[in-house]
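Engineer: Fold the stuff below for me.
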Amino acid sequence: MIRAYLLRPGGGPAEVELRPGDALPEGTAWLDLLRPTEAERRHADALLGIETPTHEDMKEIEVSSRLYVENGAAYLTTPLITGADSPDPMLGPLTCVMTERCLLTVRFSEPKSLETFRTRVLRQPELLRSTDDAMLGLMDAVADRAADVLEFIGGQLDALGRQVFADPPSAGRPGPPKAELTDVIRGIGRVGDLTHKLRDSLAGLDRLVAFLTTVSTGRLNKEQKAALKTIIRDLRSLGEHAAFLAHQTSFLLDATLGAINVEQNAIIKIFSVMAVVFLPPTLIASIYGMNFHHIPELDWPWGYPLALCLMVVSAILPLLYFRKRGWL
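Structural biologist: Below is the predicted model:
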């Protein structure tokens with residue numbers, strides 16, 4: 001799919017869908033290729049006089065393959081988060097090609113930042129004044145979306161933290177039920193995966209903006225330079241906040257594993273106490289279960305009740321001792 005965004009003469013912004021063979025509308029500032037076919041990619045090449053990268057080219061991890069200038073056009077590729085609020089978030093590459101005629105974006109996923117930028121373009125005609133304005137507006141939308149994802153991650157971590165550190169219900173004092181710690185670990189794993197992917201995206205955006213600063217030197221006006229500095233500052237602060245959330249995720253994981261360890265120790269403690277409690281009765285039963293004729297208690301009328309009482313008393317005494325020492 002090819003969509004062109006332009007300023008109509010004497011009117012506002014417009015969105016036009018192009019098909020192979022259509023001419024580039026006059027005043028186009030942004031050309032968006034979403035999952036382009038080979039025919040659509042070649043048509044974009046013919047319209048702008050460039051060579052758009054393929055999906056395989058966009059997946060290259062070398063910086064030289066992501067950020068470069070060729071035939072007067074600047075190629076900038078960065079990974080973006082897709083489906084951050086879904087169970088399976090993904091990183092999808094976005095390629096921005098800055099030409100003299102317009103800004104070209106090539107993508108094979110649908111990150112919300114692009115939809116946000118599309119909405120802004122249709123409401124703010126000033127974003128279509130030039131290629132640089134369109135690129136800066138796109139980067140601003142991407143930074144805003146990254147901030148939203150960080151806010152979502154922070155909310156998820158707060159909820160998981162409340163589950164981990166919630167007081168268990170006790171008699172006479174109601175409290176929240178203890179969450180299943182295995183489910184908490186799964187939640188922490190999902191949040192940690194999303195955080196790492198977002199940090200990868202922010203690292204790519206930081207390199208992209210640094211390269212953009214280099215290629216746009218001497219071309220931006222005062223207002224555009226101020227906007228670029230704001231984007232750089234925002235991305236750096238977002239990167240610092242993402243690092244903080246990654247540290248908080250590790251802390252929650254350690255706390256959850258510690259809580260599981262405490263519960264396991266409590267279970268082992270119960271079994272240990274029960275083994276000690278039943279050890280004296282077992283000893284008494286073993287003594288009176290011996291096959292000797294000369295055991296005086298065997299001839300007593302109250303010998304059997306006495307043995308039972310000894311077993312009960314020998315089981316109660318360790319429990320009382322443990323409770324007195326505070327071990328129970």
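
Engineer: Now do the helices in the protein.
Structural biologist: Ranges of helices in the chain, per DSSP state H, are 38-48, 55-58, 63-66, 112-123, 131-164, 181-215, 222-288, 303-324.

Engineer: What is the least confident helix or strand in this protein?
Structural biologist: Sorted by mean pLDDT, DSSP states H and E, the helices and strands of the chain end with helix 63-66, the least confident at a mean of 71.

Engineer: picking that back up, the helices of the chain into JSON lines, with extra columns for distance to L91?
Structural biologist: All C-beta atoms are positioned from the backbone trio N, CA, C, and that covers glycine. JSON lines is the format used below for these (distance: least, C-beta to C-beta, whole Å):
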{"stretch": "helix 38-48", "distance to L91": "22"}
{"stretch": "helix 55-58", "distance to L91": "11"}
{"stretch": "helix 63-66", "distance to L91": "13"}
{"stretch": "helix 112-123", "distance to L91": "13"}
{"stretch": "helix 131-164", "distance to L91": "12"}
{"stretch": "helix 181-215", "distance to L91": "5"}
{"stretch": "helix 222-288", "distance to L91": "14"}
{"stretch": "helix 303-324", "distance to L91": "55"}
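
Engineer: Touching, T105 and P111? I think so.
Structural biologist: No. Assessed by C-beta atoms under 8 Å, T105 is found out of contact with P111, at 10.7 Å.

Engineer: what touches both of the two?
Structural biologist: Shared contacts of T105 and P111, defined by C-beta atoms under 8 Å, 6 or more residues apart in numbering, are found at L94.

Engineer: Settle it for me: which of those two has more neighbours?
Structural biologist: More crowded of T105 and P111, by other C-beta atoms under 10 Å: P111, with 23 against 20.

Engineer: I'd guessed that one sits against L80; true?
Structural biologist: Yes. Counting by C-beta under 8 Å, P111 touches L80, with 4.4 Å between them.

Engineer: Please enumerate the shared neighbours of those two.
Structural biologist: With C-beta under 8 Å, 6+ apart as the test, P111 and L80 both reach G92, L94, V142.

Engineer: Adding distance to L6 and neighbour count, write those residues out as CSV.
Structural biologist: CSV is the format used below for the shared contacts of P111 and L80 (distance: C-beta to C-beta, whole Å; neighbours: other C-beta atoms under 10 Å):
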residue, distance to L6, neighbour count
G92, 26, 18
L94, 21, 25
V142, 22, 28
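
Engineer: ok, the residue nearest the centre of the chain - contacts?
Structural biologist: Nearest residue to the geometric centre of the chain (C-alpha atoms, centre = their mean): L194, 1.7 Å. Residues counted as contacts of L194 (C-beta under 8 Å, 6+ apart) are I81, A84, P89, V149, I153.

Engineer: which among these gets closest to D132?
Structural biologist: For these, the residue nearest D132 by C-beta to C-beta is I81; the value is 24.8 Å.

Engineer: Kindly state the pLDDT recorded for the closest one?
Structural biologist: Note for I81: predicted pLDDT of 88.

Engineer: just G192 next, same as before
Structural biologist: Reported pLDDT for G192: 90.

Engineer: Leaving out the residues flanking it, which one is nearest to it?
Structural biologist: T249 (4.6 Å; C-beta to C-beta, 6 or more residues apart in numbering).

Engineer: How about the contacts made by the one you found?
Structural biologist: By C-beta under 8 Å, 6+ apart, the neighbours of T249 are L157, I188, V191, G192, T195.

Engineer: Now tabulate those residues in TSV and tack on neighbour count.
Structural biologist: TSV is the format used below for those (neighbours: other C-beta atoms under 10 Å):
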residue	neighbour count
L157	20
I188	23
V191	24
G192	19
T195	24
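
Engineer: And D133, how close does it get to T99?
Structural biologist: According to C-beta to C-beta, to the nearest Å, D133 and T99 sit 14 Å apart.

Engineer: Neighbour count for these two, which is higher?
Structural biologist: Neighbour count, other C-beta under 10 Å: between D133 and T99, D133 has more, with 21 against 17.
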